[in-house]
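S.K.: Model the following, please.
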Amino acid sequence: MARYKHIDTSPRFLAVDLQRQLLPGTFEHAMNYLIDRKLDLSGFDARFKNDVTGAAAYPPAMLLKVVLFAYSMDIVSSRNIERACREHVTFIALSGDSQPHFTTIAGFVSTLGDDIAAIFSQILFICDKQGLIGREMFAIDGVKLPSNASKAKSGTRADFERQAAKLETAAKAMLERHREEDMRASEPDLHAKAVQRIASLERDAAQMRQWLSANPEDRKGSKGAIRKSNSTDNESAKMATSKGVIQGYTGVAAVDAKHQIIVEAQAHGTGSEQELLIPVVTAMKEVLAHDTLITADAGYHSEANLKELAALEVDALIADNNMRSRDERFTEQDKYKALPDPIHDKGGKPKQAARYQPKDFDYDPQAGTCICPAGKQLYGNGSDCTINGYAAVKFQGAQRDCMPCTHRDRCLLTPQKTKVRQVAFFRGKKGGVSYTDKMKARIDSPEGRIQYGQRFATVEPVFGNLRHNKQLNRFTLRGRTKVDAQWKLYCLVHNIEKLAHHGYAQ
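M.R.: Prediction:
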């Protein structure tokens, strides 16, 4: 029988040069080189006042290396990062075998704040020096992710007032019942459970009252409407996604088309993407060139946003909700749609319109005629009307046609009261062409379709890398400042990977 040498896969003592474990061409090698030789981390010095007294602190450079590499390896928990610093040779090499405690790692991540924004800018400057930013087109998009907040703890101040009153009432009722049972000498174990339950209700009510005192006003949305608060993280938001409603934040990224470098990253506690476009574009002013094109999907489209972009003199292509319905290339897109997920799809089957809509009428704008679904011709009763600021053409049916018509139930809202059907066709904003109309005309042009078609291939692979490769499926912190820092950390990982793949620091 053949004899083989024994291979010990778990040796306890090895003479290892830690620096040689960081192989050129890898993410960790490029990151280590950047942090040690290129980045200015002096902003972290203000955190410490131990130059005369106090214990020595862990270097911020070492902690930043460990956290960035952990995020690149799908390790987010500070306890798991601490374990990796004891057991994983690459983590040992990056930390210098210093083994920081998990509370140190967690405290470092949660207090990054403005420091990580400065580091993000420095990495972006290096990417630009390496020729990785083209400035021809930036694509903006976002992803909604849950955070460390309870969806069940959302509501308005009135909701929380009712919850607190309900808890106090329940605690009072249980206390009265507990006193009655005391008089009847109930069993000791039941007595202890009752006391514990009463204390729990009183504690929850006190916490709710304390939160109401600390937050005297409801959150307001962009249009002044009341936005639901959250007692665990009041800066997060309840947002609808394709997988249901979540409590969390929207991470927005602006990506350059040349090499998919993230040039701006922000996290906001709102599900309305329309609110986020202008803050992101404003933050990008320093990296925009005079001919840079910005693209975004229909979630960022609004007349106010387009007007603001025009005032900022920013060239942009922002899709509207009906863009694909006007594009003949998408006429057969429905046959490629996946079947609805019976677990996550809560929408049910689409309901057919109960009554005829304007699209069911045969309107010829050139001839100025309109035929109803029953085949009867309507006559015009307004060729230049204004409805809610929009120019419209109105038509009305004749009584001799509408009164005996068999389609009255599907044509009229109240067929027993209304005699004839009226229908209006809109022709755009009154008083000139709106910014939305101008954008529609441009994005429907052959050149606009080609330019906008590049958006998907620019930004979606970036989110695929962050969501699938890095397994970013939730934010683990609370508060917009902390979540924004964590989102920037993930985007930093992506940009450093790009530098490594293009041969930086080899």
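S.K.: In terms of pLDDT, where does the spatially most central residue of the chain sit?
M.R.: With distances taken as CA atoms, centre = their mean, the residue of the chain nearest its centroid is T250 (2.1 Å). Listed pLDDT for T250 reads 95.
S.K.: who does it bridge with?
M.R.: T250 has these beta-bridge partners by DSSP bridges: K144, H268.
S.K.: Now do the contacts for it.
M.R.: Shown in contact with T250 (CB atoms under 8 Å, 6 or more residues apart in numbering): 142-145, 237, 239, 267-271, 273, 276. C-beta here means a position set from N, CA and C on the backbone, and glycine is covered the same way.
S.K.: Over to V263?
M.R.: L124, I133, F138, A254, V255, D256, M284, V287.
S.K.: Can I get the contacts of T250 in JSON lines including distance to V423, pLDDT and neighbour count?
M.R.: What follows is the contacts of T250, written out as JSON lines (distance: CB to CB, whole Å; pLDDT from 0 to 100; neighbours: other CB atoms under 10 Å):
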{"residue": "G142", "distance to V423": "38", "pLDDT": "94", "neighbour count": "24"}
{"residue": "V143", "distance to V423": "41", "pLDDT": "94", "neighbour count": "17"}
{"residue": "K144", "distance to V423": "38", "pLDDT": "95", "neighbour count": "18"}
{"residue": "L145", "distance to V423": "44", "pLDDT": "94", "neighbour count": "21"}
{"residue": "A237", "distance to V423": "39", "pLDDT": "89", "neighbour count": "26"}
{"residue": "M239", "distance to V423": "37", "pLDDT": "89", "neighbour count": "20"}
{"residue": "A267", "distance to V423": "46", "pLDDT": "95", "neighbour count": "27"}
{"residue": "H268", "distance to V423": "41", "pLDDT": "93", "neighbour count": "23"}
{"residue": "G269", "distance to V423": "43", "pLDDT": "90", "neighbour count": "24"}
{"residue": "T270", "distance to V423": "37", "pLDDT": "89", "neighbour count": "20"}
{"residue": "G271", "distance to V423": "35", "pLDDT": "86", "neighbour count": "21"}
{"residue": "E273", "distance to V423": "33", "pLDDT": "91", "neighbour count": "23"}
{"residue": "L276", "distance to V423": "37", "pLDDT": "93", "neighbour count": "22"}
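S.K.: Closest to Y33 out of those?
M.R.: A267 (28.0 Å; CB to CB).
S.K.: in terms of contact, does the closest one touch R480 like I think?
M.R.: Yes. In this structure, A267 is within contact of R480 by CB atoms under 8 Å, at 6.6 Å.
S.K.: Can you check which residues contact both of these two?
M.R.: With CB under 8 Å, 6+ apart, A267 and R480 have common neighbours Y249.
S.K.: Make sure P216 is indeed in a strand.
M.R.: No. Per DSSP: H, G, I helix; E, B strand; the rest coil, P216 lies outside any strand segment and is coil.
S.K.: Next one, pLDDT for it please.
M.R.: Looking at P216, the pLDDT reads 79.
S.K.: re the thing from before, let me know the closest of the contacts of T250 to I294.
M.R.: Looking across those and measuring by CB to CB, the closest to I294 is L276, at 13.0 Å.
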